[in-house]
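okay, structure incoming, though there's no sequence with it:
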């Protein structure tokens, strides 16, 4: 068993991002292993699943301690996801190790990554609109059993085959099923249900023999402490900046896996960056800010330089004897006798 220090470093970076934002675990870790370290796709997926069993309980334990988990929803999702995760691992084993099979696995992974990136964009848009009606608390929700079990089944088969989707994909499906809840109310429930889901998928991977224990050990050594540190900084995380970066990387990896060549992918990413920058400029209009800021600064400076009129009026009206004493002193100075 060989422990790779570079995989440890890479998994630490991904683990820190997962700890801060709660997203991007499988969707970033597996592409990193395949694209950067040349790990065979089936081994990368299985090793990532086994390492996730040690990583995900950290976030779940924090939310259980804070009582932000709806255990009824967790039980329903686990009822559907755990059997399907075993089935997904079995399907992965049937694909074999041949070149054509690995190509099919990469395409399936690419499709899952693109779906995950789209789900994260939808989640962002739903969060932007959450001020309208998403005010319910997760414990007050009445579960919809059949649809919730179906969400677990979809997530389980996708995770078992590709290791992607237990976070971003399933939480978006929950947001559509329970439109009165905001994403912040579902994070704890989603993280908790992901623990038995990834455990089932990992057991399936161990049973069918695709795990590289050196890769798994490297991932665990780097990601587990990094997730803990990231969770401590979660309240300070600039989520509006980190999550779009993760979404962009996931989408780029997905496009690469589905068969787009490097040159075309480069042009597509450049066009996407330009479109995002143009949209940001159109919405934020930063060129209109300096003048207002300067006007506010000038107003504050004038206010500080001029004496407060209210205070002057208060002195004049509340203390008239001060004015009389000053007039008497001036008369004595001129040699005049003050009026009595």
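Everything's here; your move. Remember, it's a predicted structure, so these values are computed and weren't measured experimentally.

and residue 198, how many neighbours?
28 (other CB atoms under 10 Å). Glycine gets a C-beta too; all of them are placed from N, C-alpha and C.

wait, what's in contact with it?
Residues in contact with residue 198 (CB atoms under 8 Å, 6 or more residues apart in numbering) are 49, 52, 53, 56, 85, 159, 166.

and those residues, which is closest to residue 71?
residue 56 (16.4 Å; CB to CB).

and that closest one, what element?
helix 41-65 (DSSP states H and E).

which of the contacts of residue 198 sit farthest apart?
Maximum distance among the contacts of residue 198 (CB to CB): 13.3 Å, for 56 and 85.

looking at those two, which one has more neighbours?
residue 85 (32 against 24).

does that one belong to a helix, a strand or coil?
Following DSSP: H, G, I helix; E, B strand; the rest coil, we place residue 85 in the helix state.

which of the contacts of residue 198 tops the neighbour count?
Within the contacts of residue 198, most neighbours by other CB under 10 Å means residue 49, with 34 neighbours.

that one is in contact with residue 163, isn't it?
Yes - in terms of CB atoms under 8 Å, residue 49 counts as a neighbour of residue 163; the distance is 5.1 Å.

quick one: buried residues of the lengthiest helix in the chain?
Determined from DSSP state H, the single longest helix within the chain is helix 99-128. Neighbour counts over helix 99-128 (16 or more other CB atoms under 10 Å) mark 102, 105-106, 108-121, 123-124, 126-127 as buried.

how far is the helix or strand following it from where the chain is centred?
Scanning forward in sequence from helix 99-128 by DSSP H and E, the next helix or strand is helix 145-162. How far helix 145-162 lies from its chain's middle: 21 Å, per CA atoms, centre = their mean, to the nearest Å.

picking that back up, so which of the contacts of residue 198 sits lowest on pLDDT?
Lowest pLDDT among the contacts of residue 198: residue 166, with 66.

coming back round to it: what sits in contact with each of residue 49 and residue 163?
Shared contacts of residue 49 and residue 163 (CB under 8 Å, 6+ apart): 26, 201.

now the contacts of residue 198 in CSV, with distance to residue 5?
Formatted as CSV, those follow (distance: CB to CB, whole Å):
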residue, distance to residue 5
49, 22
52, 21
53, 22
56, 24
85, 31
159, 28
166, 27
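
secondary structure element holding residue 2?
Judged by DSSP H and E, residue 2 forms part of no helix or strand.

unless I'm mixing things up, it is touching residue 214, no?
Yes - with contact defined as CB under 8 Å, residue 2 counts as touching residue 214 (4.3 Å).

what number of residues lie near residue 92?
Residue neighbour count, defined by other CB under 10 Å, stands at 26 for residue 92.

ok, it to residue 160 distance?
7 Å (CB to CB, to the nearest Å).

over to residue 178?
Per CB to CB, residue 178 is found 25 Å from residue 160.

same question for residue 259.
23 Å.
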